[in-house]
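Asks: mind looking at a prediction? Sequence and model below.
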Amino acid sequence: MNLQVQDIAAHCEQLPERFIRKQDEEYGNVTNSNASSPAKIPVIDVSLLTSSHLELDKLKTAITTWGCFQAINHGIEGSFLDKVREVSRLFFDLSAEEKKKYLREENDLEGYGNDMVLSDHQILDWTDRLYLTVFPKHQRMLQFWPKNPTDFREVVDDYCSKIELINQVILKAMARSLNLEDNCFSDQYGTTNSKMFARFNYYPPCPWPDKVLGVKPHADGSAVTFLLQDKEVEGLQVLKDGQWFGVPIVPDALTINVGDQIEIMSNGIFKSPVHRVLVNTKNQRITLAVFCMPQTEKDIGPVEGLITDGTPRLYKNVTYSRDFFFQNYQHGKRTIDACKI
């Protein structure tokens, strides 16, 4: 694709075939209606997770049933979240020529662009992205980090440092909720050279919202994903019990979901939710997803304390790389299925 989706949307009188979703093939027998029930996704007070058994139980229930929750009182000021949204918007508002300075290589994720095309039959997402490696710092490819807006790098670095602190709180709380030692997930995760990727998502308006998807159905390959939603425009849906549920916007909340790697570590107790993104006829939508991952050099597997005669091991030990995930994702397969015993 030589054009970004933002450019296509601006001059589009007919929807390019590569974006038209194949409804009959999309996630089995699940209804493909754009109408969805509003999700009653649990709201978790992060500040209580170290002191309240009730909040720990709520967390456990949230990620065993929904696989996600809305995090409030997480320690990041609402005014700073607005600043993160602002630098994201300002980047996507740049001219096409300016944004192309950060264009990714054809077969790489890093940088600005749309879907990596892996096959002639691949249906493309109606979105442009800026994908950056954030941690470890020595692996940052700064040629893809925008210099405009001028405070972009500083704001993103600060935001992701705050997310890493919250991530450690969440990992320990998840362990405690299962009556495990605090660091049992963190030890597999690794505290040095753990990975963090930021993906800025721009969903242009689309006159044919029933024919495209902002993001096709998938579950994340991360350990934990932190989504900063658009402040006004909804679009995220979660699949639960064969039905799509719309994820509402909660002021100043972070929408957090566990990924495949936590499902593996928890031996299937915690669920990595399948989700997708719808697009809007009139309004653009901008979000920021931060993916927290273990060191890619390390194998991960179910925590030994969760394997018993009654609950046998469900997953192999695997090295869960980014390439391993995307090869499956772009072919419409769940990567976690390749990890099952």
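Replies: Yep, that arrived.

Asks: least confident secondary structure element in this structure?
Replies: strand 37-38 (a mean of 64; mean pLDDT, DSSP states H and E).

Asks: residues contacting the following helix or strand past that one, please?
Replies: Next helix or strand after strand 37-38 toward the C-terminus (DSSP states H and E): strand 43-45. Contacts of strand 43-45 with the rest of the structure, by CB atoms under 8 Å, 6 or more residues apart in numbering, involve 52, 55, 58-59, 62, 69-73, 250, 253. Bear in mind the C-beta positions are built from the backbone N, C-alpha and C, glycine included.

Asks: Lys101 belongs to a strand?
Replies: No. Counting by DSSP: H, G, I helix; E, B strand; the rest coil, Lys101 falls outside a strand, being helix.

Asks: that one: how many residues sit nearby?
Replies: 14 (other CB atoms under 10 Å).

Asks: and it, how far is that from Val5?
Replies: 18 Å (CB to CB, to the nearest Å).

Asks: max pairwise distance over the contacts of strand 43-45: which two?
Replies: Ser52 and Val250 (19.3 Å; CB to CB).

Asks: for the stretch 1-150 of the chain, which residues score under the pLDDT cut-off?
Replies: 1-2, 23-38 (pLDDT under 70).

Asks: strands of that one, start to end?
Replies: 37-38, 43-45, 68-72, 111-113, 128-135 (DSSP state E, counting those that start in this stretch).

Asks: which of these sits closest to Phe91?
Replies: Closest among the strands of the stretch 1-150 of the chain, once you apply CB to CB, is strand 128-135, at 6.5 Å.

Asks: for the closest one, packing partners?
Replies: Packing contacts for strand 128-135, counted by 3 or more CB pairs under 8 Å, 6 or more residues apart in numbering; DSSP states H and E, involve strand 111-113, helix 152-177, strand 195-203.

Asks: just name the most buried of these.
Replies: Neighbour counts (mean count of other CB atoms under 10 Å) averaged over each of the helices and strands packed on strand 128-135 peak at strand 195-203, with a mean of 23.

Asks: so what touches it?
Replies: For strand 195-203, with CB under 8 Å, 6+ apart as the criterion, the contacting residues are 5-6, 88, 91-92, 126-136, 156, 160, 163-164, 214-215, 235, 277, 279-280, 284-296, 322.

Asks: average pLDDT across that strand?
Replies: For strand 195-203, the mean per-residue pLDDT is 97.

Asks: mind listing the strands it pairs with, and their directions?
Replies: strand 128-135 (antiparallel), strand 285-293 (antiparallel) (DSSP bridges).

Asks: same list (the ones you listed) but as JSON lines, adding mean neighbour count and distance to Arg176.
Replies: Below are these laid out as JSON lines (neighbours: other CB atoms under 10 Å; distance: least, CB to CB, whole Å):
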{"stretch": "strand 128-135", "mean neighbour count": "22", "distance to Arg176": "25"}
{"stretch": "strand 285-293", "mean neighbour count": "24", "distance to Arg176": "18"}
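
Asks: CSV for those strands, including distance to Ile269?
Replies: Below are the strands paired with strand 195-203 laid out as CSV (distance: least, CB to CB, whole Å):
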stretch, distance to Ile269
strand 128-135, 27
strand 285-293, 19
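
Asks: who wins for proximity to Met116 among these?
Replies: strand 128-135 (9.6 Å).

Asks: tell me the angle the closest one makes with helix 152-177.
Replies: 70 degrees (axes from the mean of the first three to the mean of the last three CA atoms, to 10 degrees).

Asks: let's have the strands of the stretch 1-150 of the chain in CSV, adding distance to Gln243.
Replies: Shown next, in CSV, are the strands of the stretch 1-150 of the chain (distance: least, CB to CB, whole Å):
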stretch, distance to Gln243
strand 37-38, 7
strand 43-45, 21
strand 68-72, 15
strand 111-113, 33
strand 128-135, 28
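
Asks: okay, now Asp120: neighbour count?
Replies: Neighbour tally, Asp120, other CB under 10 Å: 6.

Asks: quick one, phi/psi of it?
Replies: The phi/psi pair for Asp120 (degrees, to the nearest 10) reads phi -70, psi -20.

Asks: for Pro217, same thing?
Replies: Here Pro217 shows phi and psi, under degrees, to the nearest 10, equal to phi -60, psi 130.
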